[in-house]
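[1] Fold the following for me, if possible:
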Amino acid sequence: MFAVVEIAGQQFEVKPNGFLNVPKLLGKPGDTVEFDKVLASYEDNDAQIGTPYLEGSVQAKIVSHGRGTKVLVFHKKRRKGYRKLNGFKPHYTRIEITNISL
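    Residues are numbered from 1 along each chain as shown. Sure, this is the predicted structure:
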């Protein structure tokens, strides 16, 4: 069984007892969070698609917070000699999916 959930404006495929890195969430490690925007669920050969959401929720536990690998952003304008390189490390939250209830 797995479900597709909207977390912080992005879609993620979640499975029970699975780990996932999502954009930074409020809360401390050990806190429980609940996501109620379930877009779809799949179990064996049974698929349910929401219009736009299904009734139900996904519970997860915050494991840790961290920063991802550096993302490089390069800007260039041809024939002008303009080149600029910026970078940043996105913040993320690692969560463990504890329960999917529909």
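
[2] and the most centrally placed residue in the chain, what element?
    What sits nearest the mean C-alpha location of the chain, by CA atoms, centre = their mean, is residue 22, with 3.5 Å. According to DSSP states H and E, residue 22 maps onto strand 19-23.

[3] That strand packs against which elements?
    Under the contact definition 3 or more CB pairs under 8 Å, 6 or more residues apart in numbering; DSSP states H and E, strand 19-23 sits against strand 10-14, strand 91-101. No exception for glycine: its C-beta is placed from N, CA and C like everyone else's.

[4] which of the ones you listed sits most buried?
    Comparing these by mean neighbour count (mean count of other CB atoms under 10 Å), strand 91-101 comes out on top with a mean of 17.

[5] Any chance you could give me it in CSV, C-alpha atoms only?
    What follows is strand 91-101, C-alpha atoms only, in CSV (Å, rounded to 0.1, in the frame of the first residue of the first chain):
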residue,chain,number,x,y,z
HIS,A,91,16.7,23.0,4.5
TYR,A,92,14.8,19.8,4.9
THR,A,93,13.0,17.7,7.5
ARG,A,94,13.4,13.9,7.6
ILE,A,95,10.2,12.2,8.6
GLU,A,96,9.1,8.6,9.2
ILE,A,97,5.6,7.6,8.0
THR,A,98,3.9,5.8,10.9
ASN,A,99,0.3,5.4,9.7
ILE,A,100,-1.8,5.8,6.5
SER,A,101,-5.6,5.9,7.3
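
[6] so what secondary structure elements neighbour it?
    Against strand 91-101 (3+ CB pairs under 8 Å, 6+ apart) you get strand 19-23, strand 57-67.

[7] Turn the ones you listed into TSV, including mean pLDDT.
    What follows is the helices and strands packed on strand 91-101, written out as TSV (pLDDT from 0 to 100):
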stretch	mean pLDDT
strand 19-23	96
strand 57-67	97
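
[8] for these, which one sits closest to residue 35?
    With respect to residue 35, and counting by CB to CB, the nearest of the helices and strands packed on strand 91-101 is strand 57-67 at 4.7 Å.

[9] Alright, I will stop here.
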